[in-house]
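Asks: Next input, structure requested:
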Amino acid sequence: MLTGRSLHRYVLGRVGERIKPMDDFRIQLTETDDPLRDRLHEEINRFNEDVTGFRDGRPLNLRINGETGGLMAGLTGWTWGGTGYVDVLWVQEQSRGAGVGGSLLAAAEGEAAARGCTQMVLSTHSFQAPDFYRSRGYRECGRFPEYPAGHSEVHLRKSLAAQPR
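Replies: Predicted coordinates for the structure are as follows:
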């Protein structure tokens, strides 16, 4: 629990190393996917819902299995507050260029619109797929240069026509 003292007074150590207490609390650095991530998402989602009044958040997960049943492509994201968000869209290398990604994206947009969303938003890197999204009606609305070094993170948005429920 934070005591009101400022975090800038704390220095992180090596991964997994417990930091010597400075005043009243300790900070521990981990690089594993532990329950912390889920807990923080729960906490921030609860805060966001309380502030905005939107309690309609739902996962948006789509997958395509190949002939042998293994994952060929998938999309993860969510809908909340009139917006659909694409977190990850991935297509196995040998299936790229065959319309698989476009089909997943269109399905996600259709589901988001059916849930009352009026827009889709996402982020990609300059070396990933900004042109893929632009060709499907997405427009750049922001960019973080040098993330990662030598590249950019590109933020895109597309308006949707909400479908009646």
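
Asks: neighbours around L122, how many?
Replies: 23 (other C-beta atoms under 10 Å). Placement of C-beta: from N, CA and C, glycine included.

Asks: Kindly apply the preceding question to V88 instead.
Replies: Neighbours of V88 (other C-beta under 10 Å): 10.

Asks: these two touch, right, G116 and G82?
Replies: Yes. Applying C-beta atoms under 8 Å as the test, G116 and G82 come out as touching, 6.4 Å apart.

Asks: At which residues are the strands of the chain located?
Replies: For the chain, applying DSSP state E gives strands covering 58-65, 71-80, 83-91, 119-125, 139-145, 152-159.

Asks: With L60 as the reference, measure out to S135.
Replies: 21 Å (C-beta to C-beta, to the nearest Å).

Asks: Compare neighbour counts for these two and give me the winner.
Replies: L60 (22 against 10).

Asks: May I have the beta-bridge partners of that one?
Replies: G77 (DSSP bridges).

Asks: I'd say it and G77 touch.
Replies: Yes. If you go by C-beta under 8 Å, L60 and G77 touch, sitting 4.4 Å apart.

Asks: Give the residues shared as contacts by the two.
Replies: 84-86, 108 (C-beta atoms under 8 Å, 6 or more residues apart in numbering).

Asks: Go through those and single out the one with the most neighbours.
Replies: G84 (26 neighbours).

Asks: Q119 is in contact with that one, correct?
Replies: Yes. G84 is within contact range of Q119, at 7.2 Å (criterion: C-beta under 8 Å).

Asks: and for the two, which residues touch both?
Replies: With C-beta under 8 Å, 6+ apart, G84 and Q119 have common neighbours L160.

Asks: what ranges do the helices span in the protein?
Replies: Assigned by DSSP state H, the helices in the chain fall at 35-52, 100-114, 130-134.
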